[in-house]
Every structure is written in C-alpha cells, then in structure tokens.
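K.L.:
A predicted structure for the sequence below; I have some questions about it.
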Amino acid sequence: MMVEKLMIKSVHVTANARLHMGFFDLNGGLGRRFGSIGLGLDAPVTEINVHHLLDANILKNEVNFNERTFKIIKNYTEVLNIKNKFNVECLHLIPEHAGLGSGTQLALAIGSAINQLSGLNLTLQQLAAISQRGARSGIGVGTFKSGGIVVDGGRGELTEVPPIIARADFPEDWRVLLIFDEAHIGKHGEQEVTAFRTLSEASLASAEKLSHRILMQALPALAEQDLTSFGHAIRELQICTGDYFAPVQGGRYASKSVEQVLNFLELQAVPCFGQSSWGPTGFAIFANVEEANKYQNLLNMQFKHLPTLSYQVSKGLNQGASISQHHQ
C-alpha cells in the first residue's frame, strides 16, 4: 500500500531577540578577530508564516508585506536559483536597528522556511552565509539554533560564520530588563561597515584581559548562578567595548537617555547592565522577576521626563527558534 506524501503548505517560524554583550578580542593578534558573548531572549520575537506564492504579481499587495522581507526572499531565490515564489506574512517583528538582532533573526527565519518548503536540506551555517549574516559575530546564528548564553570564536581568515565555541543555559530565575529608546537608531548596514574601518585595532592586553574574564569569570559564574561575579565580567566587557566604539557612537553608550538609566542603575549597585550591540537598547539582569519588576517600576517613575524610553522584562531563552510545518 502506497502512502501519499503530503506537500508542505506553509512554514511557521518564531525567532527570538538576542543580547550582544560585547567583543572580547578586537586585536586579532592570534589570527582571529572579534569573538563575542550573547544571550537569547524570550521576547521580543519575530514570528512569520511563509508559503508558496502562486501569482507573483500580487506579492507587493499581500498583507504585512515589507521591503525588507522582499529583499531577503529575492536574495535566497537568486543565490539558490529557486524558481518558486514565496510570500512572508509577518505577525510580529523584533524592532529594527535596536541592537537586538532583528535582521539576522528575520533572514534566518525566512531562509529556514524556504529551505523546508523547497526541500533543500541546507544547514543553518549555509543559510547564514547566503544571507550574509555573521560578518563579525556568530551570536545571532547561535541563539537562533540553540538559545541560551553563547560564545563565538570570532572570525579567522577562512571563516564564513564565526563558530559557537561555548553554550550554557541561562538561569531560569534570572530576568533581563530591556531599556528601549524609540528616538534613537543603532548603526547598521554601511554605517556599521564604515565604523569598523575607521577604528584602529584594540590592544593585545585588552583582548587578553577580556578573554580571561569570559573564560574564567563569566562562564563559571553562570554555571554556579553567581549573578554578582557574572555581572562583574560583563561590566568589564561593556566598559572596554563601549569605550572602544565611543569615537563612532558618541560615547560609551549610543543613546544619552539610555546612558542616564544605566548610570542610575550603577548607583543602585545593580550587578549587571549594559548596551546590546550598537544599541540603543540597554539591559540589566536581575536575580528574579520580583527584582526586575521593582526596577521597571522605579525607572518608569525616575525617568518619566524622558518619554521616548520604555521597558520590558524578558527571560533568557534556552532553546532555539521554533519551526513548524503545515501540510496539505
């Protein structure tokens, strides 16, 4: 008896935001440069439905169409020589250019869906390379795959996507308070490329110090759920990374409003805080949801004179993107 194989009608993908906490080797003296640590978050999310499009002429009239998704689809179909057309229904999107990895998560989500709809069996690394993600950091690819705290090994001469060299669960009780500034957009695209061209390499001493902090303080502290020690390591990374990028982002932090909040948190002896990637989004990590909620309420009161700021409490996410097929 033959069993009819069901065709995949659509693919649903939920990909999550990530924190990029900083680079620990901006020197590159050993032949690899960058190297970074980051965390997958349970929110915000990018949630999409992707399906075959029978009439290519109606693509730009579809509900929730946006130019960014069109460019991503066009790139995949051209590089992979796919003749089929696809439509992406965007249900939720991570805020763009906020330092939370929106571009990488959307590109990998769309690529994963096209991969399954077309039966290509491409790896996540191949999808990242095709979509030109992971130019300097592998954190977005790593959190898309597995969530949790991930460390990438930077970029060598032959590297396509920086490899994930360590991964650990984020403590279930810990919470991340995100600090948004809707008035500021982080560097991206050609601005980001130009910024890296402008900056000289960091000192070898700085790379050695930060690598030591990650290997012998941040990761062991995470394993022992020692937020104070983990925070000390991340703060050192943030200070060095922020000061390195200060000439091209206008200071240690990109947003002056977020900087006021982070300086206030430092005065309150909050153990772990900083800026994600190019910002403007800031973050602070607390031992439990009660502490996170308390500080969210406090910041709302303390900085009510800065109306462009908003706050969200998230959890660390210890799993990768959710991908499900719908058949016909």
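P.N.:
Happy to help now that I have it.

K.L.:
CA atoms for contacts and neighbours, from now on please.
P.N.:
Noted.

K.L.:
shaky segments in this protein?
P.N.:
1-6, 54-65, 186-189, 195, 328 (pLDDT under 70).

K.L.:
next secondary structure element downstream of the lengthiest helix in it?
P.N.:
Selection of the longest helix in the chain by residue count, based on DSSP state H, yields helix 227-249. Per DSSP states H and E, the first helix or strand lying C-terminal to helix 227-249 is helix 256-267.

K.L.:
that following helix: which residues count as buried?
P.N.:
Within helix 256-267, the residues scored as buried using 16 or more other Cα atoms under 10 Å are 257-259, 261-262, 265.

K.L.:
helices or strands up against that helix?
P.N.:
strand 175-181, strand 272-275 (3 or more Cα pairs under 8 Å, 6 or more residues apart in numbering; DSSP states H and E).

K.L.:
tell me the contacts of the nearest residue to S131 once chain neighbours are set aside?
P.N.:
Closest residue to S131 apart from its sequence neighbours, by Cα to Cα, 6 or more residues apart in numbering: A107 at 6.5 Å. Taking Cα atoms under 8 Å, 6 or more residues apart in numbering as the contact definition, A107 lies against 69, 72, 128, 131.

K.L.:
and the gap between A107 and L262?
P.N.:
31 Å (Cα to Cα, to the nearest Å).

K.L.:
could you do T198 as well?
P.N.:
In terms of Cα to Cα, T198 sits 27 Å off from L262.

K.L.:
returning to what we had before: any idea how far the longest helix of the chain is from the middle of the chain?
P.N.:
Chain-centre distance of helix 227-249: 17 Å, with Cα atoms, centre = their mean, to the nearest Å.

K.L.:
which positions in it come out as buried?
P.N.:
227-238, 240-245, 248-249.

K.L.:
for the stretch 51-200 of the chain, what spans make up the helices?
P.N.:
Ranges of helices in the stretch 51-200 of the chain, per DSSP state H, counting those that start in this stretch, are 67-79, 102-117, 124-130, 139-146, 190-198.

K.L.:
now do the third one: which elements does it pack against?
P.N.:
Contact partners of helix 124-130 among helices and strands, from 3+ Cα pairs under 8 Å, 6+ apart: helix 67-79, helix 102-117, helix 139-146.

K.L.:
tell me the helices and strands packed up against the last one.
P.N.:
The contact analysis (3+ Cα pairs under 8 Å, 6+ apart) places helix 139-146 against strand 8-25, strand 34-53, helix 102-117, helix 124-130, strand 149-152.

K.L.:
could you redo the last one with a cut-off of 6 Å?
P.N.:
On a contact count with 3 or more Cα pairs under 6 Å, 6 or more residues apart in numbering; DSSP states H and E, helix 139-146 meets no helix or strand.

K.L.:
specify the angle between it and strand 8-25 in degrees.
P.N.:
In terms of direction (axes from the mean of the first three to the mean of the last three Cα atoms, to 10 degrees), helix 139-146 departs from strand 8-25 by 130 degrees.

K.L.:
could you shift the numbering so residue one becomes 5, and keep it that way?
P.N.:
Let's use 5 as the start, then, which means that last one is helix 143-150.

K.L.:
in helix 143-150, what counts as buried?
P.N.:
Within helix 143-150, judged by 16+ other Cα under 10 Å, the buried ones are 143-150.
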